[in-house]
Each structure stands twice: as C-alpha cells, then as structure tokens.
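Trainee: generate a structure from the sequence data that follows.
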Amino acid sequence: QVLIVESGGGLVQPGGSLRLSCAASGSIFSGVTMGWYRQAPGTQRELVATISSSGNKNYADSVKGRFTISRDNAKTTVYLQIDSLKPEDTAVYYCNARPPVPWGTRGAELYSWGQGTQVTVSS
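Mentor: Numbers count the residues shown, from 1 in each chain. Take a look at the predicted model:
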C-alpha cells in the first residue's frame, strides 16, 4: 500500500514563496510520472504540474514561470517550489502518480490521495 504525505504549506503574503514536499512510501516511485494538484474551496481538484520518471516537466498555463516541480528518486519525494504567490493560489495542494494520460484526464491517479497541505496567500 502506498502512503502519500504532503507538507510545506502555510500562510504567506502575496509575492512570497513556499516549497512543498510530497513523500511517497511503498511505491515504485522512480518509474512513474508524479503530479501536483490543487483544490480551492468550491472547485474541482486541478492538475498544476507533472514530472516524468525521466525528468520532463509540464505545467498548467496558470502557474508557468512561477511553479517549479522536481523530484528526488532516492528519497521518493517530489517537490513543488512556488514563487510569486498570488491570492488565487490559495488551495489545498496534493500529489499523486499519473499514468500516461492526457493532461485533463480525471480519476486516473494511481494511489490514494493524501491529506494535502494548505497554502493560503493573504496579506
């Protein structure tokens, strides 16, 4: 059974930065694409960034240039560096593994969801 634990969220002012971490235990981490998602109140969870097993990265248009995804296979951990935070980035952030499906495909994630980590951007 795979356990996902996200951390690193918090309350930050607009323009600030955070680094989120996602540790995945008991998984074939190095061979799968990992994704970061977020869900704001009253909205559906959305995919914001992915990183393949070979290190190829993709981002949602809304976060390009501000979010950077990375991974450490030895630590079975994926990171999300978030810079120039905006109030609209406020959400619970989650990570999960994805099979090779189109960006907008929902419900394809490989593991059970973790508890997420709350990011709140407010002055």
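
Trainee: please, which helix or strand holds the most centrally placed residue in the chain?
Mentor: The residue lying closest to the centre of the chain (C-alpha atoms, centre = their mean) is Trp36, at 1.9 Å. Using DSSP states H and E, Trp36 maps to strand 33-39.

Trainee: from the chain's centroid, how far away is the helix or strand following that strand?
Mentor: Reading on from strand 33-39 to the C-terminus, the next helix or strand found by DSSP H and E is strand 46-51. Centroid displacement of strand 46-51 relative to its chain, using C-alpha atoms, centre = their mean, to the nearest Å, is 6 Å.

Trainee: which strands or helices does the strand holding Trp36 pack on?
Mentor: If contacts are counted by 3 or more C-beta pairs under 8 Å, 6 or more residues apart in numbering; DSSP states H and E, strand 33-39 sits against strand 18-25, strand 46-51, strand 67-72, strand 77-82, strand 91-98. In short, each C-beta sits where N, CA and C put it, glycine included.

Trainee: out of those strands, which comes closest to Gly10?
Mentor: Nearest to Gly10, of all the helices and strands packed on strand 33-39, is strand 18-25, at 6.4 Å by C-beta to C-beta.

Trainee: could you dump the closest one to CSV, C-alpha only?
Mentor: The C-alpha coordinates for strand 18-25 follow below in CSV (Å, rounded to 0.1, in the frame of the first residue of the first chain):
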residue,chain,number,x,y,z
LEU,A,18,6.9,28.2,-0.5
ARG,A,19,8.4,24.8,-1.1
LEU,A,20,6.0,21.9,-0.9
SER,A,21,7.1,18.3,-0.4
CYS,A,22,5.4,15.0,-1.1
ALA,A,23,6.8,11.8,0.2
ALA,A,24,5.6,8.6,-1.3
SER,A,25,6.4,5.4,0.6
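
Trainee: elements contacting it?
Mentor: Other elements packing on strand 18-25 under the criterion 3+ C-beta pairs under 8 Å, 6+ apart are strand 3-7, strand 33-39, strand 77-82, strand 91-98, strand 117-121.
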